[in-house]
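J.: curious how this folds, go ahead:
(one chain, ligands or ions: 1)
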Amino acid sequence: MLTEADAAAELERLAAEIAHHNRLYHDQDAPEISDADYDALMQRNAALEARFPSLVRDDSPSRKVGATPSGPLAKVRHARPMLSLDNGFSDEDVEEFVQRVRRFLRLRDDEPVALTAEPKIDGLSCSLRYERRRLVQAATRGDGTIGEDVTPNIAFVTGVPQTLPDTAPDIFEVRGEVYMAKSDFAALNQRLLEAARAAGDERKARQFANPRNAAAGSLRQKDASVTATRPLRFIYHGWGEAAALPGDTQSAVMDALDAWGFATTPLRVRCDDVAEALAQYRRIETLRADLEYDIDGVVYKVDRLDWQERLGQIGRAPRWALAHKFPAQQAQTTLRAIDIQVGRTGKLTPVARLEPVTVGGVVVTNATLHNADEIERLGARPGDRVLIQRAGDVIPQIVENLTREEPRDAWTFPTHCPVCDSTVEREEGEVDYRCTGGLICAAQRVERLIHFCSRGALDIRGLGLQQIEDFFHDGLIHAPADIFRLTEEQLLPRKKKGDVWAANLLQAINEKRTPDPVRFLFGLGIRHVGAITARDLLRAFGTVERIAEVATAANEDPQARAEIEAISGVGPAVAEALIDFFAEPHNRVAWDDLLTEVQPLPFVNEVRQSEVSGKTVVFTGTLETMSRDEAKAQAEQLGARVSGSVSAKTDLVVAGPGAGSKEKKAKELGVRVIDEAGWVAIVTAAAGSL
Ligand code: IVH
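T.: All right, here's what the predicted structure looks like:
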């Protein structure tokens, strides 16, 4: 039986996990999981929310479209939000969709509901703004409200007219997908590989995982001359702000857009009823492999625009449209071996090595097995016949084990890390095994170093991911202390970048020899010790040296352990992780070594006096001028405690747009509720008191 507490914990995990995948997909164009796995996470989230409506989080993925852009391109606020689509997976889902439309509009049973049906193109959504019939702006979707300005880039995309005919209205936004044809994608990847080879470093060939990522990576370039070398195209599927519409049905407006010169698809049809729409779905499905672009389903839209208007939207999606997704493409093959990969955080992931097999036109040789539970569920062993599927274009998965002989020995998960041979552990209640090798496991070292130098930690400018990977592979740095021993002689011959680069980098490193203790402790990457916990620990113990001392003692002294656990914001899991970290001899060596190079400052509790000092504050809803993390940090600086839920102990609720149950509860309890502007006023007043 799933309790409410279990559900709340799972929803929190799902929100974080989905946000992570959104960032990888939207910001970095580098997804880690297949679209089907992503859909499964979203479905699980929706199912839990449907069962426990009171637990819907402010940051729930169901309330969001994509990720807020964070890259170097300028931001653009869309005149009308760019929405997402609800998904259907079966004929019944489509029938239900039309039933919902009927019920909502209170239509008679015999009233026909015409739909348009067209392919759902797997590209990057874009909005093109025309003012006085001239193209003035192009923007990506971003999070649906704020996108990125790609105006200079769009000039190089085929299918985007620069001007509209005289008959078009003064303001018109055309929306559609920028995509890369499959053949162009293959040629581009080949070109990237050859260029890397010519430069003598195949290891660094940056190839794109699929045409969608290639399109996104090519369009979202700060330097539009890069976009110019990439073959991109545009197909429209709708519109945003419009001073007037050239028709009163979806199909009539789209016919007009065809006539204005926008590229379209011959696979768009108007259907009189569900049966016709489903027939078009099947037709498109049979043509799928031969289309020049990737599609992942068919989109149906209610044809009458007055009905679309009345239907409006629910959450992030219009009520008048549905994406009918194609089922995953499947094939049978033999599982040759199960390999273990060690991730940069020490997580062990089993990978299935397969007899090569073609699925939906792509040769598949590997599939993810997720974790030990999944292997157990499948009863998978090398030699078994398995059913695999590709959904989206990323990593295929094993759906079913087709070998069912009995009796058989189960495959067992290794007890030692294949990279560093440290023991592997699974914490209670967790599905993943982890390598305990911490600072010594080669698989984890690079990630630890990157984290140590990252913005939230020591923030060493110029020492980013690529640089650290290179230094590590070339043997210049193994552990954090090595960073502080880099010399000009080592750096100078490395780069065409020259002396200024080397001198600047060494200076940036030297500036961090007396780091802020919170950043330093957080930078060590101890499990469960995030920036907030690091601050809590330092507030209690004063210096990092003292923390190390107590944590070391706590390995044998229950009183010292109790002392750590008793700190507000710290519990048994943090205490355990901290103690384990200092009990691991390799970590200890790295720590002692590091402290010969850097002297972290003592902690200074720079709490500013304010009306919220010592009070408990809850943030809910969307904050518009700052991130939730920033607001939290501000509250903590003012000596307030930030809580995730409203109770009688809450002193203040800061509610932004979309605040739901928490705001309501606060009002019921008589807790003071203010808006974001009110919060900013409190923070500003405290700054004045300094
Ligand atoms: S209509 C108001 N039609 O799919 C809804 N979207 O998963 C606007 N997409 O954000 C979308 N092909 O970028 C529509 N034929 C099509 C589409 C399509 C691809 C994208 C679109 C949307 C996403 C939702």
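J.: for Val363, give me phi and psi.
T.: Here is the backbone geometry of Val363 (degrees, to the nearest 10): phi -80, psi 130.
J.: contacting residues around it?
T.: Taking CB atoms under 8 Å, 6 or more residues apart in numbering, we find Val363 in contact with 356-357. Every residue, glycine included, has its C-beta placed from N, CA and C.
J.: any idea how far it is from the ligand?
T.: The gap separating Val363 from the ligand is 27 Å, by CB to the nearest ligand atom, to the nearest Å.
J.: check what pLDDT that residue gets.
T.: Val363 carries a pLDDT value of 81.
J.: any idea what it is bridged to?
T.: In this entry, Val363 is beta-bridged to Thr358, by DSSP bridges.
J.: burial check on Glu611, number of neighbours?
T.: Glu611 has 13 neighbouring residues, counting by other CB atoms under 10 Å.
J.: what does Ser218 give?
T.: 26.
J.: ok, Asp675 next?
T.: By the criterion of other CB under 10 Å, Asp675 has 16 neighbours.
J.: isn't it up against Val653?
T.: No - using CB atoms under 8 Å, Asp675 makes no contact with Val653, being 10.1 Å away.
J.: quick check: residues of the stretch 1-150 of the chain near the ligand?
T.: Within reach of the ligand by CB under 6 Å from any ligand atom, the stretch 1-150 of the chain has these residues: 83-85, 118, 120-121, 125.
J.: kindly reformat those as a markdown table containing neighbour count, secondary structure and pLDDT.
T.: As requested, these are exported to a markdown table (neighbours: other CB atoms under 10 Å; DSSP: H, G, I helix; E, B strand; the rest coil; pLDDT from 0 to 100):
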| residue | neighbour count | secondary structure | pLDDT |
| --- | --- | --- | --- |
| Leu83 | 19 | coil | 93 |
| Ser84 | 19 | coil | 92 |
| Leu85 | 19 | coil | 94 |
| Glu118 | 23 | strand | 97 |
| Lys120 | 21 | strand | 96 |
| Ile121 | 25 | strand | 95 |
| Ser125 | 22 | strand | 95 |
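J.: between the residues you listed, which is nearest Val76?
T.: Using CB to CB, Ser125 comes nearest to Val76 of those, at 13.2 Å.
J.: skipping adjacent residues, who's closest to the closest one in space?
T.: Arg141 (4.3 Å; CB to CB, 6 or more residues apart in numbering).
J.: for Met42, see how far away that neighbour is.
T.: Here Arg141 is placed at a distance of 17 Å from Met42 (CB to CB, to the nearest Å).
J.: which one's the longest strand in this protein?
T.: Ranked by number of residues, the top strand in the chain under DSSP state E is strand 329-342.
J.: what pairs with that one, parallel or antiparallel?
T.: Sheet partners assigned to strand 329-342 using DSSP bridges are listed as strand 348-359 (antiparallel), strand 385-390 (antiparallel).
J.: find the nearest non-adjacent residue to the residue of the stretch 501-650 of the chain found nearest the ligand, please.
T.: The nearest approach of the stretch 501-650 of the chain to the ligand comes at Thr622, 19.8 Å away (CB to the nearest ligand atom). Leaving aside its sequence neighbours, Thr622 sits nearest to Gly656 (CB to CB, 6+ apart; 4.5 Å).
J.: Thr415 reaches Val424, doesn't it?
T.: Yes - between Thr415 and Val424 there is a contact under CB under 8 Å: 6.2 Å.
J.: ok, these two, which is more surrounded?
T.: Neighbours of Thr415 and Val424, each counted by other CB under 10 Å, are more numerous for Val424; the result is 21 against 9.
J.: okay, and Glu241 sits in which element?
T.: strand 232-242 (DSSP states H and E).
J.: could you point out which element follows that strand?
T.: Downstream of strand 232-242 (by DSSP H and E), the next one is helix 250-260.
J.: got the contact list for that next one?
T.: 116, 161, 164-165, 168, 174, 236, 239, 245-247, 264, 268, 270, 301-305, 308.
J.: the same query, at a cut-off of 6 Å, please.
T.: 116, 164-165, 236, 245-247, 264, 270, 301, 303 (CB atoms under 6 Å, 6 or more residues apart in numbering).
J.: residue contacts, Arg319?
T.: By CB under 6 Å, 6+ apart, the residues touching Arg319 are Leu311.
J.: quick check: longest helix of this structure.
T.: Once the chain is assigned using DSSP state H, the helix that runs over the most residues is helix 4-22.
J.: for the helix or strand following it, packing partners?
T.: Where DSSP H and E defines the elements, the next helix or strand beyond helix 4-22 is helix 35-51. Judged by 3 or more CB pairs under 6 Å, 6 or more residues apart in numbering; DSSP states H and E, the packing partners of helix 35-51 are helix 4-22.
J.: the helix it packs on: which residues count as buried?
T.: 7-8, 10-11, 14-15, 18, 21-22 (16 or more other CB atoms under 10 Å).
J.: mind listing what's buried along the helix or strand where Asn153 lies?
T.: Using DSSP H and E, Asn153 maps to helix 151-154. Neighbour counts over helix 151-154 (16+ other CB under 10 Å) mark 151-154 as buried.
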